[in-house]
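Participant: build me a model from this:
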Amino acid sequence: MKSLLRILVVIVTAGLAGCGGGGGEMVARIGSGGSGAPVSAGAGAVSGFGSIIVNGQHYDETSAQVFVDERPDLPSAASVDAIRLGSQIRFEHLSNRISQATVAAEVIGPVASVGANTLTVLSQTVRVNAAAASPTVFDGFTALTDLTAGSIVEVHGQRNAAGEIVASRIELRPATGVMRVAGTIASAASDSF
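Facilitator: Numbering: from 1, shown residues only. Model prediction:
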């Protein structure tokens, strides 16, 4: 009987793990600490405050443990102030109270070129979102024309069907040597991807 129960737990756990968490999907799991209460996970761009608003839902962040994921192998602890308008976050919550949130940019690096409504950073095409409901937030500059080749930016956003990053936030940063590209590998060879 115990073996059957263990197999059932493994199957249920694998099924929940397969549900993913990107693009605003919600995943439930059992909380720690003996409460047995379901913990949910979500992801998306921060669209407002007063609490944190993600995907149209309000979440209490006052007791959240916050991390900034510039290096996936070593996310750094941060204050709630690291969560800014347009930031992409992954988070866990219980009854809309965030316990842990991770801020993660899609690309950090130097601008190679700037167009009318796009820019290229580390060979990634970044598209400014002009939709009135969710325009791209600019931080440290006011228009794309303010950016020049070599400017260091941090870009938050989701990828569209063409693989472009539709930016929810673009922040001008000082040169620190940190570079980051996140995304799905389209093809791989023995010495490149």
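
Participant: burial count for Val121?
Facilitator: Other residues lying near Val121 total 26 when counted by other Cβ atoms under 10 Å. Every residue, glycine included, has its C-beta placed from N, CA and C.

Participant: distance check, it against Ser113.
Facilitator: 9 Å (Cβ to Cβ, to the nearest Å).

Participant: what strands line up against the top strand by length along the chain, and which way round?
Facilitator: In the chain, with assignment by DSSP state E, the single longest strand is strand 38-48. According to DSSP bridges, strand 38-48 has the following sheet partners: strand 27-30 (antiparallel), strand 52-54 (antiparallel), strand 88-94 (antiparallel).

Participant: by mean pLDDT, show me the worst of those.
Facilitator: Mean pLDDT is lowest for strand 27-30 among these, at a mean of 48.

Participant: for the longest strand of the chain, buried residues please.
Facilitator: By neighbour count on 16 or more other Cβ atoms under 10 Å, the buried set for strand 38-48 is 39-47.

Participant: same deal with stretch 69-89?
Facilitator: So, applying 16+ other Cβ under 10 Å, buried residues of stretch 69-89: 69-70, 78, 82-83, 86-89.

Participant: go on, stretch 175-186?
Facilitator: 180, 182.

Participant: got the CA positions of that stretch in CSV?
Facilitator: Below are the C-alpha coordinates for stretch 175-186, written out as CSV (Å, rounded to 0.1, in the frame of the first residue of the first chain):
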residue,chain,number,x,y,z
ALA,A,175,28.4,49.6,-17.5
THR,A,176,29.0,46.9,-15.0
GLY,A,177,30.2,44.0,-17.1
VAL,A,178,27.0,42.0,-16.5
MET,A,179,25.4,40.6,-19.7
ARG,A,180,22.5,38.3,-19.9
VAL,A,181,20.4,36.7,-22.6
ALA,A,182,17.4,34.5,-21.8
GLY,A,183,15.3,32.5,-24.3
THR,A,184,14.8,29.3,-26.1
ILE,A,185,17.6,27.7,-28.1
ALA,A,186,16.4,27.4,-31.7
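
Participant: just to revisit the earlier point, including distance to Thr102, could the strands paired with strand 38-48 go into JSON lines?
Facilitator: Formatted as JSON lines, those follow (distance: least, Cβ to Cβ, whole Å):
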{"stretch": "strand 27-30", "distance to Thr102": "15"}
{"stretch": "strand 52-54", "distance to Thr102": "13"}
{"stretch": "strand 88-94", "distance to Thr102": "5"}
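
Participant: out of the ones you listed, which gets nearest to Ser168?
Facilitator: Ranking the strands paired with strand 38-48 by distance to Ser168, with Cβ to Cβ as the measure, places strand 88-94 first at 6.5 Å.

Participant: the next helix or strand after the closest one packs against which elements?
Facilitator: Per DSSP states H and E, strand 88-94 leads on to strand 97-103 as the next helix or strand towards the C-terminus. Here strand 97-103 touches strand 65-68, strand 88-94, going by 3 or more Cβ pairs under 8 Å, 6 or more residues apart in numbering; DSSP states H and E.
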